[in-house]
Structures are given as structure tokens and as C-alpha cells.
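**Student:** okay, sequence plus prediction incoming.
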Amino acid sequence: MATAESPRSLLTVEDLVSTTSLGVTVMAGQGGLDRQVLWAHSCEMERPERWLGPHELLMTVGLGVPVAPAEQAEFIARLDDAGLAGLMIGNHDLAPPISTQMLTEADARSFPVLFVAEETPYAVVARHVAAAHSSSQIQQVLKLSKLYQVAASADDDTAALTRDLALLLGIGISIVDGLTGIAIVGVPGPHAAEHTGDHATDEPSAAKARTFPLRGDYQVELRIEEPPGEILESLILVHLMKVIEVSVEGFLAAADHRVRASADALANLLSSGSATGVEELLDPYRPSGGFRLAAFAAAAGERVAWAAALRRLPVLIGPGRLNHHALIPQGATDDVRRLAEEAGLHLGVSSVFTDYRDVGAAAEEAARVFTAAQFSDRLWTEFEGTTISVLTRSHREAQEIIHGVLGSLAEDTAAAAKLRDTLFAYLRNDRHWQRTADELHIHRQTLAYRLNRIEQETGLSVTRTADLSALWIAYQSWAATKNES
């Protein structure tokens, strides 16, 4: 349980300013003088926020302070975002002129910028801070020991680690992904249930929430909720962040690997029909249980893939020719629908199929549904009509349809491939001439010539409904079997 301490029992920036012997004056950030100071550290590195943490005071002679006013303002922003207690600059000629822009940024953020007399050694300031905290050091060391014992027994389980740390410290802990806003882990504090009414945020006794960015390769935030009147000690907070950073980095690296593996597996299915690695990613689902293929806007691809990986959903997500696609086992449909609803994402969804070789045809079907339904009020739109399994009940039947309908266009020659691709593009684009010509990068007159050749080779009309139905089924059959060796 966090030790109940009043703010004045911990050293603050104001305490340093009011200690006359130190010779400290306030240049800017007067509104932040109540910030706690855990430690005072001298650093002249270019990005000192990499080496200092929350509630630590940066002391500098000015070598690390940028010269340009805009860069000085950004310097203050970085220090404040990292949770530092403040900035102390010595009265030395080494420091660049302090700009109005820098001081304005500090005032806006209530981030204390202090000026200290030249005759005051920084070692004196550091000893002053250390002495102020000496009475509680033994208790903090014991708590730190327990904190690292919990971390050592977590076995790379971020959820278990977070739960145990929250229990140890008596606080609520949430780890939130910056890209999706998803809470990777969320453990409510022991007093959360006491403040669940409509006016909970207006109550002075409600749990206090604080947010801190975590360092690492991914954009993540740590949110802690402390019980009323019980502020987590600054030293404990620093080590809590370090422990969680290490665990979360491993968890997110695994999610990142899953995102890339998922995209690669789906790309292989769509391009070559290879199911290598698919069953591991979709475990425990198998084709016999049924799959659907969903199409959605490419702009949302990264966010959706990341969200699915964070939730460890057994789906494959990756880019297609025009849209992003998701291969969804029937048993995971509700989870994906829930994700889509939370993201406000429109999906066009194919009919159910039970053979990996039908993925290509399902992708075409899903894309058509998505194109037709993306501007509707429904976020989840399923294909309504004859299912793929009926159109291509077996590969033998599919081959019979292909050769019976397409005739010479099914041959493995460059000329046949050119006419076949033209026909399929024409069907995909609902017989829209300009869209078809644009997709094929040809002139409308060239398209007209090719369509005439197609009618001659197949003996079918590209305008008569009955013939178009046969050509469409042949196209679907080709899409389902094109990767067969």
C-alpha cells in the first residue's frame, strides 16, 4: 500500500527556492513550484531527458541548452513531457542567452526554470535534496526490493506483472497503446468501485489519475490511479516505469512480429495459395470450421492489424490489390465485429468458404461488397447471394466450367492471358468501360477491340445477361483454382 503523505512532507521546488543559502531564483514556471523533487542531477548531454526521469531536477551550466529560441522552447517541452521536476541553470558564461520563447513555454507548462548563483556548487544542491529524503529511504528500499521480486517472477507475462504490481502498490495501472488507444493491460485500483457514479470526477476524494509516456520503440503510456491522499513515492514511480517499460517492450515486439507474419501469410495465400504458417497464426481454427474474407479501407490497415495483434485475435490481416483484407475464422467473427465497431470501420465480408484455395475468389467477393456498402450506415456488410462453395464445389467442376465457358481463353499463352485479364477486369468493374480501361492502362478503342475478340473466341456476348452469368461463374472458378499447380 502506498504511504499516505501530504504534499509538504516531500521536498518541492519551492523548498529549494525558499532556502536562502542556495541562492535560487525563479525565471519562469512559477505555477509549478509545488512539483516534487526526488533527486537533483547535473547533466550536460544533448538530450538530458533520456537520462533523467520523473521528479528529477536537471542542473546544467548551459552546455546542453539549445541556442535557437524555437529549439529552447522544444527543449522545455521534452523535459516536461518526461516528467522532470524542473530546470536549474547556473550563472555561468557557458549558457546561451535564454529566450523569451523558452520562458513563455515554461510558463505555459508551469515548468520551473531556476537560476542559481555562481558560487553555489551543484553538489550542495544535490546533498540538500538527498538529505530531505533520507528519513524514508529504508522504507523505499524495502518496497523496491518487493517490486523487483514481483518483476522477476512475472515470466514475461505483462498482464500478470501489472496485476501483481498494482496489488503491491495499492494503485490502479493501465498501459495504453498510442496508435490504437487500446488498453494493453488495465487493472483498476482498490478504490475504483467507490467512485463509479455519474459525478465521480467532481468528487475531491476520487482516485487521482496521472499519465506518463514510456520509453522504447513503441508509443505507449502508463496511467496510474492513486487512492485519495496517497501519493506514490517518486522513487517507486521511477522504478515502476522502468520495470513496466521492459515488459511492455517485449510484449509489443511480439505483437509487431505477429502483424508482419500475418501480412506475409495472407499475401502468400492470395498470390500463390501457400498456407505455410497460416494454421499457427489461426490456431485453433481450421478451414473445416469455415472462414470469411473481409475487405476494408487501406488507410486503416496498420491500425486494424495492430489492434488485432494486441488482442491476439486469430486472424490474418494484410494489404490486397486495392483494399486491406482480413481472413476471419467463423469462431472469431464476434471479436472482429466488435473491433470494427469500436474503430468505426466499414467492412465488406465474403460468404463462408472452407478451402484455402478459395481465398482469392473470396477477396474479390469481399472487395465488391465493400465497394457497394462502404458509404452505408452499416459497418459490417455480408455478401448476400450464392456462396463460393456452390460456385466451385470441387476443383474438377471448376476446371470443367473454366474450359467449357472460356474455351481458348483458358490456354496458357500470352494472347489468351491478355484477353482473359481484360474479360476479368471488365466483369470486376461491372462492365464499366472507362474504369476497366483505366485499370488495364489501355484506350477505350483497345478495350472495344479486345471485347470483340473475346466474343469471337468464346461464342458468348459480353452484354447478354445469360452469357454474362456464365462468364462470371467461370471467372469465380478461375479465381478459386488459379494457384493450383
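**Tutor:** That came in fine, so what should we check first?
**Student:** top helix in this structure by residue count?
**Tutor:** Using DSSP state H, we find that the single longest helix of the chain is helix 234-272.
**Student:** what about the strands in the stretch 151-300 of the chain?
**Tutor:** Ranges of strands in the stretch 151-300 of the chain, per DSSP state E, counting those that start in this stretch, are 172-177, 183-187, 208-214, 220-226, 291-296.
**Student:** now find how far off-centre the longest helix of the chain is within its chain.
**Tutor:** 10 Å (Cα atoms, centre = their mean, to the nearest Å).
**Student:** most tightly packed of the strands of the stretch 151-300 of the chain?
**Tutor:** strand 291-296 (a mean of 28; mean count of other Cβ atoms under 10 Å). The way it works is simple: take the backbone N, C-alpha and C, and place the C-beta from them, glycine included.
**Student:** which residues are in contact with it?
**Tutor:** 285, 304, 320, 323-330, 333, 336, 340, 345-354, 359, 362-363, 365-367, 369-370, 382 (Cβ atoms under 8 Å, 6 or more residues apart in numbering).
**Student:** can you pull the pLDDT of the nearest residue in space to Gly407 that is not next to it in sequence?
**Tutor:** Distances taken as Cβ to Cβ, 6 or more residues apart in numbering put Thr458 closest to Gly407, at 5.4 Å, once the chain neighbours are dropped. The model reports Thr458 with a pLDDT of 89.
**Student:** could you find the closest non-adjacent residue to the spatially most central residue of the chain?
**Tutor:** The centroid of the chain falls nearest to Leu179 when counting by Cα atoms, centre = their mean (3.5 Å). Among residues not flanking Leu179 along the chain, Trp306 sits closest, at 5.6 Å (Cβ to Cβ, 6+ apart).
**Student:** after the helix or strand of the chain with the lowest mean pLDDT comes which helix or strand?
**Tutor:** When each helix and strand of the chain is scored by mean pLDDT, DSSP states H and E, helix 388-391 comes last, with a mean of 44. Next in sequence after helix 388-391, counting helices and strands by DSSP states H and E, comes helix 395-406.
**Student:** can I assume the residue nearest to Gly407 is in contact with Val405?
**Tutor:** Yes - at 6.9 Å, Thr458 counts as touching Val405 under the criterion of Cβ atoms under 8 Å.
**Student:** quick one on the thing from earlier: between the strands of the stretch 151-300 of the chain, which gets nearest to Leu63?
**Tutor:** Of all those, strand 208-214 sits nearest to Leu63, with 25.6 Å by Cβ to Cβ.
**Student:** list the contacts for the residue nearest to Gly407?
**Tutor:** Val405, Leu406, Gly407, Leu409, Leu471.
**Student:** most widely separated two among those residues?
**Tutor:** Largest separation among the contacts of Thr458 by Cβ to Cβ: Gly407 and Leu471, giving 11.2 Å.
**Student:** which one of these two has more residues nearby?
**Tutor:** More crowded of Gly407 and Leu471, by other Cβ atoms under 10 Å: Leu471, with 23 against 15.
**Student:** would you agree that one falls within a helix?
**Tutor:** Yes - membership of Leu471 in a helix is supported by DSSP: H, G, I helix; E, B strand; the rest coil.
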